[in-house]
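1. I would like to see how this sequence folds:
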Amino acid sequence: MYRFLTTPRWWGINLFVVLAIPFCVFMGTWQLGRFEERVDTHQAAEQRPDPASVRAAPLRELLPVDQETSGRTATATGEYGRQFLVPGRELDGEPGSYVLTLLRMEGGEELPVVRGWLPSGAEAPAVPAGRTTVTGALQASEHSGSPDVRPGALPSGQVGMISAASLVNLVPGEVVDAWVTLTDAPAGLTPVPATAAEGSGLDLKAFQNLGYTGEWFVFAGFVLFMWFRLFRREAEAARDAALGLAPEAPTKSEAEAPAAGLR
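-> As a prediction, the model looks like this:
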């Protein structure tokens, strides 16, 4: 009754099932692992002391920026140079821009410094002259997927993303792959609060991993269900044929009879 399992068609079906189910289980397990990693990272971040409460350290000691150093208070000394506006940045629900000024440090490296937030329509304060030391929260460079980033071309004097990649062609020196938001903003500006390190919280992406986990396991169950359904249908058909219960094909005269009645 189960000889149909040896047909080429069923060899193909069985091979697909044998490969598909382990693949779905592997992908579901991998997505679950990604979710658990984010949960562990979130718990570790909550247990760490507030980065702002840790003593300030020279900028070079905190580079490159990672989940441990993001938000730490950094200090750097140099002279301010070019200034840009970063539009489309809200603060407390109000539209405005970040005032981004590049600090040329010893060695010629340019450090992006967000001196504060400026309401829409207001004029940015002038760039301070002379040597200065800045103190603020260290942040990782933004990327195209970061919140509030504006892709595409902008008017002169504006940038849509705070990153070395977006600034390297606008200034002559090498740009530090990080930025600092000042703790104390100058008059006319509002301090920009530091953000948590990317990947350290239970954000939407974390729960997407959990959702994908369920989807892969559902796919595995669906493949098994469809195989069992096809198997049962074929087994029932083979059993009926063995018992002589299979419906006979209609004769030519029986097939023509309904057609003749429609004329």
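2. for this protein, what spans make up the helices?
-> Per DSSP state H, the chain carries helices over the ranges 8-47, 59-62, 164-167, 204-242, 252-261.
3. for Asp240, see how far away the nearest residue in space to Gly152 that is not next to it in sequence is.
-> Of all residues beyond its chain neighbours, the one nearest Gly152 is Gly160 (7.0 Å), with distances taken as Cβ to Cβ, 6 or more residues apart in numbering. Glycine gets a C-beta too; all of them are placed from N, C-alpha and C. Taking Cβ to Cβ, to the nearest Å as the measure, Gly160 and Asp240 are separated by 69 Å.
4. okay, these two: which has more neighbours?
-> More crowded of Gly160 and Asp240, by other Cβ atoms under 10 Å: Gly160, with 18 against 12.
5. pretty sure that one is touching Ser146, no?
-> No. Assessed by Cβ atoms under 8 Å, Gly160 is found out of contact with Ser146, at 10.3 Å.
6. wait, which of the helices of the chain is closest to Pro87?
-> For Pro87, the closest of the helices of the chain is helix 164-167, at 13.2 Å, according to Cβ to Cβ.
7. with only the CA atoms kept, save the closest one in CSV.
-> Taking C-alpha atoms only, helix 164-167 is exported to CSV below (Å, rounded to 0.1, in the frame of the first residue of the first chain):
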residue,chain,number,x,y,z
ALA,A,164,33.2,60.6,9.9
ALA,A,165,32.0,59.3,6.6
SER,A,166,29.7,62.4,6.0
LEU,A,167,32.3,64.9,7.2
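8. name the nearest residue to Leu182, ignoring sequence neighbours.
-> Using Cβ to Cβ, 6+ apart and skipping residues adjacent in sequence, the residue nearest Leu182 is Gly136, 4.3 Å away.
9. which residues of the stretch 1-150 of the chain score low on pLDDT?
-> 1, 41-54 (pLDDT under 70).
10. who's in contact with Glu109?
-> Under the criterion of Cβ atoms under 8 Å, 6 or more residues apart in numbering, the contact list for Glu109 reads 173-176.
11. and it, backbone torsions?
-> With angles defined as degrees, to the nearest 10, Glu109 sits at phi -70, psi 140.
12. can you start the count at 93 instead of 1 from here on
-> Done: numbering now begins at 93, and the last item shifts to Glu201.
13. relative to Thr287, how far out is it?
-> Applying Cβ to Cβ to Glu201 and Thr287 gives a distance of 23 Å.
14. next, work out how far apart the residue most central in space within the chain and Gly163 are.
-> In the chain, the C-alpha closest to the average C-alpha coordinate belongs to Lys297, at a distance of 5.9 Å (Cα atoms, centre = their mean). Here Lys297 is placed at a distance of 20 Å from Gly163 (Cβ to Cβ).
15. Phe320 too?
-> Using Cβ to Cβ, Phe320 is found at 54 Å from Gly163.
16. more neighbours: the two, which one.
-> Between Phe320 and Gly163, counted using other Cβ under 10 Å, Gly163 has the larger neighbour count: 25 against 11.
17. surely the more buried one touches Ala270?
-> No. Counting by Cβ under 8 Å, no contact exists between Gly163 and Ala270, whose distance comes to 11.6 Å.
18. select the longest strand from the chain.
-> As far as residue count goes, and with DSSP state E defining each element, the longest strand of the chain is strand 165-179.
19. tell me which residues in it are buried?
-> By neighbour count with 16 or more other Cβ atoms under 10 Å, strand 165-179 contains the buried residues 165-168, 170, 172, 175-179.
20. chain neighbours aside, what residue packs nearest to Tyr190?
-> Tyr190 sits nearest to Val178 (Cβ to Cβ, 6+ apart), 4.0 Å away.
21. hmm, I typed the wrong one, I wanted Leu154.
-> Nearest in space to Leu154, with sequence neighbours left out and distances taken as Cβ to Cβ, 6+ apart, is Thr161 at 4.3 Å.
22. which members of the buried residues of strand 165-179 are the farthest-apart pair?
-> Among the buried residues of strand 165-179, the pair separated by the greatest distance (Cβ to Cβ) is Thr167 and Pro179, at 28.3 Å.
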